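K.L.:
This is the structure alone, sequence omitted:
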């Protein structure tokens, strides 16, 4: 049993700490620069907790080198367990210390460095894809305001760009279009570079080969799932994986009445986007997934059916990883 419990409310610049004994008496509290957070850990028998906010990585690694027990708390679940009308950093640190000493910390998974690095690459690539999409939408909106429509299929392909170059736009609109095209070209370059880095890290990985055997799942979807899943062994079932990525309906239940709403959207938005894009491809291919998609689309609509297909792809991915098998379509 630890002889002291340390709660840390970690921020980018400063960190509030609260050190308690097993009976709940405060031994020390205060704040200090975040890079010095590990210096308040007693030399022996100390358990430490910090929330999995955007600044946890360096502090967590430093604490693992000096504390006996380090727990990473799930921020949203902490709020559900202990919320206060008056919220300050001092109160947050005390709450964390109290929950730690009473063994009530809802833990979040702390990914190892290689998973963090892979997530950085995947997430940055998706952000540049998003920036590129935003720039394209702005050009389309600018043209729509002037009732200009491209008759081809791809406004940003070779034919579409030639059409854009010949448009008799006013100087203001032309300047905006050129700036947005430059932003698209820059984002394209970053996407290509990050894709190459992902290939360097993942090509030849057995997990990649298993996931890419699923119809509709390409390299980027597989890379995103590998990064965002991390250690797939930490999940006990396929349903847990779907809940982790927020592709399950929200539920409001009381007694015998239950109301199901939209998906919870918990977890990685990048993984959900990758899965939906993969589902768009998969439901066009012959097979059991397409049959189930069409049947559900007739009853519930295409959007609901597409999300269901994305969930099926995710759960199938976890099953293949857990079994170490490639995909084989059912007869």
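P.N.:
In hand now; what should we look at? Note that the structure is a prediction, hence the values are computed from the model and not measured.
K.L.:
mind checking how far the residue of the chain most remote from its centre is from residue 204?
P.N.:
The C-alpha centroid of the chain is most remote from residue 168, which lies 42.9 Å away (CA atoms, centre = their mean). As judged by CB to CB, to the nearest Å, residue 168 and residue 204 stand 52 Å apart. Any C-beta I mention is one placed from the backbone N, CA and C, and that applies to glycine too.
K.L.:
need the contact list for the residue lying closest to residue 238 once chain neighbours are set aside.
P.N.:
Of all residues not flanking residue 238 in the chain, residue 315 sits nearest, at 3.7 Å (CB to CB, 6 or more residues apart in numbering). The contact partners of residue 315, taken as CB atoms under 8 Å, 6 or more residues apart in numbering, are 238, 239, 241, 242.
K.L.:
one more time with 10 Å, if that's ok
P.N.:
Residue 315 makes contact with 237, 238, 239, 240, 241, 242, 247 under the criterion CB atoms under 10 Å, 6 or more residues apart in numbering.
K.L.:
in what helix or strand does residue 261 lie?
P.N.:
Assessed by DSSP states H and E, residue 261 sits inside strand 257-263.
K.L.:
Tell me which strands that strand pairs with, and in which orientation.
P.N.:
strand 249-254 (antiparallel) (DSSP bridges).
K.L.:
Could you report the distance from the residue nearest the centre of the chain to residue 52?
P.N.:
Taking CA atoms, centre = their mean, the centroid of the chain lies closest to residue 268, which sits 2.0 Å from it. Relative to residue 52, residue 268 is positioned 13 Å away (CB to CB).
K.L.:
Residue 23 now?
P.N.:
Residue 23 is 28 Å from residue 52, by CB to CB.
K.L.:
hang on, the earlier thing: which positions in the strand or helix carrying the residue nearest to residue 238 come out as buried?
P.N.:
Using DSSP H and E, residue 315 sits in helix 302-323. For helix 302-323, burial by neighbour count (16 or more other CB atoms under 10 Å) applies to 305-318, 320-321.
K.L.:
How about stretch 52-72?
P.N.:
Neighbour-count burial for stretch 52-72 [16+ other CB under 10 Å]: 52, 55, 56, 59, 60, 62, 63, 67, 70, 71, 72.
K.L.:
Would you list the phi and psi of residue 55?
P.N.:
Main-chain torsions, residue 55, degrees, to the nearest 10: phi -110, psi 20.
K.L.:
That one is in contact with residue 10, isn't it?
P.N.:
Yes. At 5.3 Å, residue 55 counts as touching residue 10 under the criterion of CB atoms under 10 Å.
K.L.:
Need the residues touching each of the two.
P.N.:
Joint contacts of residue 55 and residue 10 (CB under 10 Å, 6+ apart) are residue 34.
K.L.:
thinking again about what came up before, and the residue nearest to residue 238, how far is that from residue 10?
P.N.:
In this view, residue 315 and residue 10 are 34 Å apart by CB to CB.
K.L.:
And for residue 179?
P.N.:
Going from residue 179 to residue 10 by CB to CB gives 39 Å.
K.L.:
Who has more neighbours out of these two?
P.N.:
More crowded of residue 179 and residue 10, by other CB atoms under 10 Å: residue 10, with 25 against 13.
K.L.:
pLDDT averaged over the helix or strand harbouring residue 61 - what is it?
P.N.:
Using DSSP H and E, residue 61 maps to helix 56-64. Mean per-residue pLDDT for helix 56-64: 95.
K.L.:
Can you name every helix or strand that it contacts?
P.N.:
Contact analysis of helix 56-64 by 3 or more CB pairs under 10 Å, 6 or more residues apart in numbering; DSSP states H and E lists strand 4-10, strand 46-51, strand 69-73, helix 113-145 as its packing neighbours.
K.L.:
mind redoing it with 8 Å?
P.N.:
When contacts are defined as 3 or more CB pairs under 8 Å, 6 or more residues apart in numbering; DSSP states H and E, helix 56-64 sits against strand 4-10, strand 46-51, strand 69-73.
K.L.:
Now do it and strand 46-51, the angle between them.
P.N.:
180 degrees (axes from the mean of the first three to the mean of the last three CA atoms, to 10 degrees).
K.L.:
and the angle from helix 56-64 to helix 113-145?
P.N.:
Using the same axes, to 10 degrees: helix 56-64 against helix 113-145 is 170 degrees.
K.L.:
For helix 56-64, give me every contacting residue.
P.N.:
For helix 56-64, with CB under 8 Å, 6+ apart as the criterion, the contacting residues are 8, 10, 15, 34-35, 37-38, 41, 48, 50, 70, 72, 110, 116.
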